[in-house]
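Colleague: here's my sequence, what's the structure:
(4 chains)
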Number of protein chains: 2
Amino acid sequence: MSRTSSKATPQPKSRATGKADGGALDTLFGALSDPTRRLLVERLLTKGPATATVLAETTPLTRQAILKHLQVLEAAGLLAHERSGREVRYRVTPQPLASAVGWILDTAGQWDSRIDRLRRLSNSEPATKR
Amino acid sequence: MSRTSSKATPQPKSRATGKADGGALDTLFGALSDPTRRLLVERLLTKGPATATVLAETTPLTRQAILKHLQVLEAAGLLAHERSGREVRYRVTPQPLASAVGWILDTAGQWDSRIDRLRRLSNSEPATKR
DNA sequence: TACTAGTGCAACCAAATGGTTGCAGATCAC
DNA sequence: GTGATCTGCAACCATTTGGTTGCACTAGTA
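Modeller: Predicted coordinates:
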């Protein structure tokens, strides 16, 4: 049952389609979900812009692996690159983090107002407890 | 050559090992990276706790698919479930979102201080531009 | 010029992910 | 009791992901 009308809609079944406008958050949170990538962001922030080869020297990973991570981060808008000569230097552009915080605060806000509503309605229950 | 000493370390090559202490952020951001899951969180917040079957009725997905998403969210600490009779009811526990915001703010903080440092050193460059 | 260092691209692989179906086990209502 | 619902597994499948290797290309440098 459950699957209300899935058979009726001939959707291409590709789950990569995304929900359009939410796609930015997808790639953003997705980019942040990998420890290597968070590490790269932190490293680029603390030690400044660097190339993929230089970044790869400090990890057990290949340059290509690092490159892929950098591209994921760039696709999420967290990085930008510029080339000087034969080198390609990556730097952090943390603006997209604002949308992440935005979604989280929005959500937490709904939670807060919900707690508030519950408190107002029933004064006996602690609402969350943990 | 990059790959400094990968051949020397006989690491089990399983990428699921995680970086231990950062694992919480992994699962957290990972859980948030899916639009369906964010939708579930929002729905559970706005309309209150619900069972997997009920949640599945409003989406084109199977109950099992929803179930898996709920389990991912629960593993990230964003959900908790309690059963009453034969029903299992899920509710949001948004506390872990704090760690996410924490990491982001830390990172943004490093960025701010770095801009500050740059501004103090060279007064001519706009530092970010975009 | 020839050599070296850095990047770009493509093929390939294993594991994780998101989804399905089918069925067994509880629990409620009659 | 019987039947209808709801949950819980398990198997299975296709796509994505994270990683590797190998090689071609480009840009500095001796």
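Colleague: what's the helix or strand for the residue nearest to the spatial centre of chain A?
Modeller: The centroid of chain A falls nearest to residue A:29 when counting by Cα atoms, centre = their mean (1.8 Å). Under the criterion of DSSP states H and E, residue A:29 resides in helix A:23-32.
Colleague: where does the prediction get shaky in chain A?
Modeller: A:1-22, A:115-130 (pLDDT under 70).
Colleague: and chain A, which residues reach DNA strand D?
Modeller: Within reach of DNA strand D by Cβ under 7 Å from any atom of the strand, chain A has these residues: A:14-16, A:30, A:33-34, A:36, A:60-62, A:64-65, A:68-69, A:72, A:85-86. Every residue, glycine included, has its C-beta placed from N, CA and C.
Colleague: what's the longest helix along chain A packed up against?
Modeller: What stands out as the longest helix in chain A, according to DSSP state H, is helix A:97-121. In terms of contacts (3 or more Cβ pairs under 8 Å, 6 or more residues apart in numbering or on different chains; DSSP states H and E), helix A:97-121 is packed against helix A:23-32, helix B:35-47, helix B:97-121.
Colleague: list the buried residues of that helix.
Modeller: Buried residues in helix A:97-121, counted by 16 or more other Cβ atoms under 10 Å in any protein chain shown: A:97, A:100-101, A:103-104, A:107-108, A:110-111, A:114.
Colleague: again, but for stretch A:80-98
Modeller: Using 16+ other Cβ under 10 Å as the test for burial, stretch A:80-98 gives A:89-90, A:92-94, A:96-97.
Colleague: looking at these, which is nearest DNA strand C?
Modeller: Nearest to DNA strand C among the buried residues of stretch A:80-98, counting by Cβ to the nearest atom of the strand, is residue A:89 at 7.0 Å.
Colleague: partner residues bridging that closest one?
Modeller: On the basis of DSSP bridges, residue A:89 is bridged to residue A:51, residue A:82.
Colleague: ok, it - contacts?
Modeller: A:49-51, A:81-83 (Cβ atoms under 8 Å, 6 or more residues apart in numbering or on different chains).
Colleague: let's see 7 Å
Modeller: Applying Cβ atoms under 7 Å, 6 or more residues apart in numbering or on different chains to residue A:89 gives the contacts A:49-51, A:81-82.
Colleague: of the residues you listed, just say which sits nearest to residue A:40.
Modeller: Relative to residue A:40, the closest of those is residue A:50; by Cβ to Cβ it sits at 9.2 Å.
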